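Student: when you get a sec, could you give me coordinates for this:
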Amino acid sequence: MNTWCVYILIYILLLLLFCLAYFSAASAFASACEYLIKRRTGSYVQLSRLFIHFNAQVIDQRTHTVEDAGATRKNVIVGMRKFGVCKEEYWPYDRRLLNKKPSPDAYEAARRFSIVSIRLPFQINAMRTYLANKIPVVVAAKIKYEINGEVNANGGYIPIPDPDDEEISYLGSHAVLLVGYDDDSEYFIARNSWGRDWGYYGYCFLPYQYLLDERLVNYPDYAYAITHVVARMDFLPPMRSLGVTSYPVDGQRRRARNRARSKSRATHAVSKYK
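Tutor: A predicted model of the protein is given here:
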């Protein structure tokens, strides 16, 4: 193989890694919606990742002239609620369409649908509860690309890195979709966006302990679940939160503030109807 061919292959691989890394949140939420649609209708529908990703960047960057950048899971959710979701055929997964505004047909197809979502704390029991009720959960963790060979060799098990590794502190978060759990081994079963040749046919096993270390996950951005894909209504219920806990340092102070606010609202409600 000549040098030119090697450079072309490297370029293609870098583009692929770019897409897989930047689209991880859009891909995870699209997979969650696809599962919910199939569970309800019995039919598999492939949704447009690029459509979801573009609209999340519009929310994040506040412009339709978006730049190459990732998107937070919160903004992916906001974009899906605002603009909806459409089938892959309306805005296909094509590198040339990256950061391009989707077609009017794509927006017209997507506007008929929206989602109902919930925000979860990074608590094992909270995530297990949703998984037990057949609702997948999207989380973001710092996963080093260098472990791919090890993960492929060991059948999909993600090793816990040294949280004090300097490289970890600079890593961005990568979104995966939790689809199951095993209390005996204390592993979550997660679907990744790196293709069927990665891990265990595209899935991996993520230790509970991985998600309990705030140095390895994006705690401020929480975990998210989509509970329903729905026909768009004039009014959508707000995004709900499930028992979101505070950080240990300021938790007591924040709980006291919340109790005071609740008491104030209750007093106001009582006085209003006296």
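
Student: mind listing the strands for the stretch 51-200 of the chain?
Tutor: 113-120, 137-141, 174-182, 187-191 (DSSP state E, counting those that start in this stretch).

Student: quick one: the last one to strand 174-182, angle?
Tutor: Right, strand 187-191. Here strand 187-191 points in a direction 130 degrees away from that of strand 174-182 (axes from the mean of the first three to the mean of the last three Cα atoms, to 10 degrees).

Student: so what's the gap between strand 187-191 and the chain middle?
Tutor: 14 Å (Cα atoms, centre = their mean, to the nearest Å).

Student: name the next helix or strand downstream of that strand, please.
Tutor: Counting by DSSP states H and E, the next helix or strand C-terminal to strand 187-191 is strand 203-207.

Student: re earlier: now tabulate the strands of the stretch 51-200 of the chain in JSON lines and tack on distance to residue 36, mean neighbour count and mean pLDDT.
Tutor: Any C-beta I mention is one placed from the backbone N, CA and C, and that applies to glycine too. Below are those laid out as JSON lines (distance: least, Cβ to Cβ, whole Å; neighbours: other Cβ atoms under 10 Å; pLDDT from 0 to 100):
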{"stretch": "strand 113-120", "distance to residue 36": "9", "mean neighbour count": "20", "mean pLDDT": "93"}
{"stretch": "strand 137-141", "distance to residue 36": "13", "mean neighbour count": "24", "mean pLDDT": "93"}
{"stretch": "strand 174-182", "distance to residue 36": "12", "mean neighbour count": "21", "mean pLDDT": "94"}
{"stretch": "strand 187-191", "distance to residue 36": "14", "mean neighbour count": "22", "mean pLDDT": "96"}
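
Student: as JSON lines, these with distance to residue 98 would be great.
Tutor: Shown next, in JSON lines, are those (distance: least, Cβ to Cβ, whole Å):
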{"stretch": "strand 113-120", "distance to residue 98": "23"}
{"stretch": "strand 137-141", "distance to residue 98": "21"}
{"stretch": "strand 174-182", "distance to residue 98": "18"}
{"stretch": "strand 187-191", "distance to residue 98": "22"}
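
Student: out of these, which comes closest to residue 165?
Tutor: strand 137-141 (14.0 Å; Cβ to Cβ).

Student: what does that closest one contact?
Tutor: 24-25, 28-29, 32, 73, 120, 122, 127, 130-131, 173-178, 190, 206, 210-211, 216-218, 221, 223-226 (Cβ atoms under 8 Å, 6 or more residues apart in numbering).

Student: kindly report the same for stretch 174-190.
Tutor: Residues from elsewhere that reach stretch 174-190, judged by Cβ under 8 Å, 6+ apart: 21, 24-25, 27-29, 31-32, 35, 73, 127-128, 131, 136-143, 157, 191-193, 203-209, 211.

Student: can you report how many residues neighbour the closest residue to residue 219 other than its chain neighbours?
Tutor: Sequence neighbours aside, residue 122 is the residue nearest to residue 219 in space, at 5.7 Å (criterion: Cβ to Cβ, 6 or more residues apart in numbering). Using other Cβ atoms under 10 Å, residue 122 has 19 neighbouring residues.

Student: again, but for residue 154
Tutor: 15.

Student: now do the residue nearest to residue 199 when sequence neighbours are not counted against residue 34, distance only.
Tutor: In this structure, residue 199 finds its nearest non-sequential neighbour in residue 156, 3.7 Å apart by Cβ to Cβ, 6+ apart. To residue 34, residue 156 is 21 Å away according to Cβ to Cβ, to the nearest Å.

Student: these two: who's more crowded?
Tutor: residue 156 (20 against 17).

Student: any idea how far the more buried one is from residue 38?
Tutor: Distance of residue 156 to residue 38, computed by Cβ to Cβ: 23 Å.

Student: just the pLDDT at the residue nearest to residue 199, thanks.
Tutor: On the pLDDT scale, residue 156 is placed at 92.

Student: over to residue 204?
Tutor: On the pLDDT scale, residue 204 gets 94.
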